[in-house]
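Q: predicted structure and sequence below. I'll ask about it afterward.
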Amino acid sequence: MKIAVLPGDGIGQEIIQQALRVLGAVRGDGLDVEIEQAAIGGAGYDEQGDPLPVSTLSLAKAADAVLLGAVGGPQYDELPRAMRPEQGLLRIRKELGLFANLRPALVYKELAEASSLKPELVENLDLMILRELTGDIYFGQPRGQRQTDSGQREGFDTMKYSESEIRRIAHVGFTIAGKRNRKLCSVDKANVLDTSILWREVVTDVGKEYPDIELSHMYVDNAAMQLVRAPKQFDVVLTGNMFGDILSDEASMLTGSIGMLPSASLDAQNKGLYEPVHGSAPDIAGKDLANPLATILSVAMMLRYTFGIEAAAQRIEKAVGSVLQQGLRTPDIYQEGTTKVGTVQMGDAVVAALGE
Ligand code: IPM
Ligand code: MG
């Protein structure tokens, strides 16, 4: 098995280092991997003038899984759009066909107080946002800017989904719901958008193949409200690229600790790209302050979804639970009465807990 490791920018290097130590520590568990690193994002631009260098893309294509740190930094803000770090991310998703983006929002009982919602609203919250990742207004053509007849500039983008794109993400949604609490809520804007009318029709149709899953539909504005009103009503939320971008940020905040959340982006063969939900945090980069747990938990998702080694995935998740129980906290999740530790110490603690 081959893993392409793309640390990226900002805190990317340091969190990836800790994740690789954890990966090394579970190697015995039926996992034999070869690891190769390459540059992406701002690092790709600095090294080769491209946020997704050709060599990085071919490494990622040849690998069974990709582990990514984070991309972006203020020094790249003025670059033309094609050279910006986030283009590296968007292109690798598209090039690898990673259409299914899994963003769990899980509240650890030790961290329930850190949420911006009342603890009782989020205690034991465990929801999964499933976001379609390679279609929608993110990639729809035509797009651009043009002059109108009246001589002013006009910007435009195209929201679109084909039936087959909706069908394949819907199947992933029903399958995931089947392994959880059998509830799937599909989110759209079918009261306004034609794209969403088709979305709802196709999801409903696919649902007939999964009679044991409870399917519901919700408009995106209502879903945004329900997420902060009563988030525990959701199990799996299925939605398009743009709505999923927004709702997954909202859901991550419910947990109060975006530094804890992993994600997976999968293709049709379960090849995947795994990355923390948080960004590159340039302000704290290189200071041993970053929380490596989201990246470590991304390794667990990799073992689960691409390599199918559930036992090793759970071992890592248990080890993370154990360090939280020991009261260890990086500054982002620190509260009075707990022990503040740095990035490396947190990695040490997880590796130690794996040995228990
Ligand atoms: C995300 C990010 C990206 C997106 C950006 C950086 C292009 O917000 O992964 O959610 O919009 O998909
Ligand atoms: Mg986003």
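A: That came through fine. Numbering: from 1, shown residues only. Ligands and ions are numbered 1, 2, ... in the order given.
Q: what's the burial count for the residue in the stretch 201-350 of the chain that ligand 1 sits nearest to?
A: Residue of the stretch 201-350 of the chain nearest ligand 1, by C-beta to the nearest ligand atom: residue 245 (4.5 Å). C-beta coordinates here come from the backbone N, C-alpha and C atoms, glycine included. By the criterion of other C-beta atoms under 10 Å, residue 245 has 17 neighbours.
Q: repeat for residue 163
A: For residue 163, the count of nearby residues is 12 (other C-beta under 10 Å).
Q: which non-adjacent residue is nearest it?
A: Distances taken as C-beta to C-beta, 6 or more residues apart in numbering put residue 202 closest to residue 163, at 5.6 Å, once the chain neighbours are dropped.
Q: next: residue 246.
A: In space, and not counting its chain neighbours, residue 246 is closest to residue 224: 7.3 Å by C-beta to C-beta, 6+ apart.
Q: ok, the one you found - contacts?
A: Taking C-beta atoms under 8 Å, 6 or more residues apart in numbering as the criterion, residue 224 is in contact with 246, 247, 250.
Q: summarise which helices and strands whatever helix or strand the first one lives in is packed against.
A: When you say that, I think you mean residue 246. Applying DSSP states H and E as the criterion places residue 246 in helix 241-254. Here helix 241-254 touches strand 100-106, strand 126-132, strand 183-188, helix 220-229, strand 236-239, going by 3 or more C-beta pairs under 8 Å, 6 or more residues apart in numbering; DSSP states H and E.
Q: quick check: mean pLDDT of that helix?
A: Averaging pLDDT along helix 241-254 gives 94.
Q: most tightly packed of the helices and strands packed on helix 241-254?
A: Sort the helices and strands packed on helix 241-254 by mean neighbour count, taking mean count of other C-beta atoms under 10 Å, and strand 236-239 sits at the top with a mean of 28.
Q: count the residues that sit near the one residue in the chain that gets nearest to ligand 1.
A: Taking C-beta to the nearest ligand atom, ligand 1 has its nearest neighbour within the chain at residue 86, 3.8 Å off. Residue 86 has 15 neighbours, counted by other C-beta under 10 Å.
Q: so which bits of the host helix or strand of it are buried?
A: If you go by DSSP H and E, residue 86 is part of helix 85-95. Neighbour-count burial for helix 85-95 flags 85, 87, 88, 89, 90, 91, 92, 93, 94 (criterion: 16 or more other C-beta atoms under 10 Å).
Q: repeat for stretch 70-89
A: Buried residues in stretch 70-89 (16+ other C-beta under 10 Å): 70, 71, 72, 73, 76, 83, 84, 85, 87, 88, 89.
Q: need those residues in JSON lines (columns: distance to residue 295 and pLDDT).
A: Listed next are those as JSON lines, based on distance: C-beta to C-beta, whole Å; pLDDT from 0 to 100:
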{"residue": "70", "distance to residue 295": "9", "pLDDT": "97"}
{"residue": "71", "distance to residue 295": "13", "pLDDT": "97"}
{"residue": "72", "distance to residue 295": "16", "pLDDT": "96"}
{"residue": "73", "distance to residue 295": "18", "pLDDT": "96"}
{"residue": "76", "distance to residue 295": "21", "pLDDT": "96"}
{"residue": "83", "distance to residue 295": "25", "pLDDT": "97"}
{"residue": "84", "distance to residue 295": "22", "pLDDT": "97"}
{"residue": "85", "distance to residue 295": "17", "pLDDT": "97"}
{"residue": "87", "distance to residue 295": "22", "pLDDT": "96"}
{"residue": "88", "distance to residue 295": "17", "pLDDT": "96"}
{"residue": "89", "distance to residue 295": "15", "pLDDT": "95"}
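Q: what bridges to residue 144?
A: Beta bridges link residue 144 to residue 156, judged by DSSP bridges.
Q: for residue 101, see how far away it is.
A: Relative to residue 101, residue 144 is positioned 26 Å away (C-beta to C-beta, to the nearest Å).
Q: then residue 172?
A: As judged by C-beta to C-beta, residue 172 and residue 101 stand 10 Å apart.
Q: any shared contact partners between these two?
A: 130, 266.
Q: okay if I get the helices and strands packed on helix 241-254 as a markdown table plus distance to ligand 1?
A: Shown next, in a markdown table, are the helices and strands packed on helix 241-254 (distance: least, C-beta to the nearest ligand atom, whole Å):
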| stretch | distance to ligand 1 |
| --- | --- |
| strand 100-106 | 8 |
| strand 126-132 | 8 |
| strand 183-188 | 16 |
| helix 220-229 | 15 |
| strand 236-239 | 13 |
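Q: residue 321: which of these is closest?
A: For the helices and strands packed on helix 241-254, the distance to residue 321 is smallest for strand 100-106, at 10.4 Å, taking C-beta to C-beta.
Q: I'm done for today, thanks for sticking with me.
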